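Q: Dropping a prediction and its sequence here:
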Amino acid sequence: MTTLSYSQQQLLKVLQISQVKLTDAFASQLLPAAESEPAQSSSDNITSLKIELQSVAPDLSQLLAQDIAAALADGLNWQIEPAAVHSHIDQYQLLTPPLLALQRAEQKKALWALLSSYEKSSSEQSSHE
């Protein structure tokens, strides 16, 4: 079991959460016992990584999410990509890091700049058509 700091222990106590031991499926690295089963463990790990890396819909009950949704250009969809470090647009899809990461000032500025540049480029393309 992982040793927790005093503040982590207090937080668990206040939230009434008991610490549990992680199974192989939740370990970030393969445990020694899992390394002896290469074929099955590797495919299980790849599958779990694919699940973790899938984009999820934003929680629109949060104010920041509502602001971002309101700032989206027409035709642009938004998904949260848990493994993303920076916001980017892939075709008609805005992919951002989790909302917690977007609350940092530099991430917000980069996101607003990205949305502004996308809106400008999409309006210029529609005026040329």
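A: It's in.

Q: so residue 67, which of the three states?
A: helix (DSSP: H, G, I helix; E, B strand; the rest coil).

Q: Could I get the full set of strands for the protein?
A: In the chain, the segments counted as strands under DSSP state E are 77-80, 88-90, 93-96.

Q: right, and the ones you listed - which one's nearest residue 109?
A: The closest of these to residue 109 is strand 93-96. By Cβ to Cβ, the value is 13.2 Å. For glycine as for every other residue, the C-beta is placed from the backbone atoms N, C-alpha and C.

Q: List the strands paired with that closest one, with their directions.
A: Strand 93-96 has the following sheet partners, assigned by DSSP bridges: strand 77-80 (parallel), strand 88-90 (antiparallel).

Q: Which residues belonging to the longest one are considered buried?
A: I take that to be strand 77-80. The neighbour-count check on strand 77-80 (16 or more other Cβ atoms under 10 Å) flags 78, 80 as buried.

Q: One more: the last one?
A: By neighbour count with 16+ other Cβ under 10 Å, strand 88-90 contains the buried residues residue 89.

Q: Report the helix or strand with the lowest average pLDDT across the protein.
A: Ranked by mean pLDDT, DSSP states H and E, the helix or strand of the chain with the weakest confidence is helix 32-35, at a mean of 47.

Q: Tell me what residue 56 is bridged to.
A: The partner list for residue 56 in beta bridges (DSSP bridges) reads residue 80.

Q: Please produce TSV containing the strands paired with strand 93-96, extended by mean pLDDT and distance to residue 99.
A: Shown next, in TSV, are the strands paired with strand 93-96 (pLDDT from 0 to 100; distance: least, Cβ to Cβ, whole Å):
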stretch	mean pLDDT	distance to residue 99
strand 77-80	91	7
strand 88-90	89	16
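
Q: all helices for the chain, in order.
A: Remark: helices assigned in the chain by DSSP state H are 6-14, 32-35, 38-53, 63-71, 99-102, 105-128.

Q: ok, of those, where does mean pLDDT dip lowest?
A: Lowest mean pLDDT within the helices of the chain: helix 32-35, a mean of 47.

Q: quick one, domains of the protein?
A: Domain assignment for the chain, taken from automatic domain parsing, gives 6-53, 63-128.
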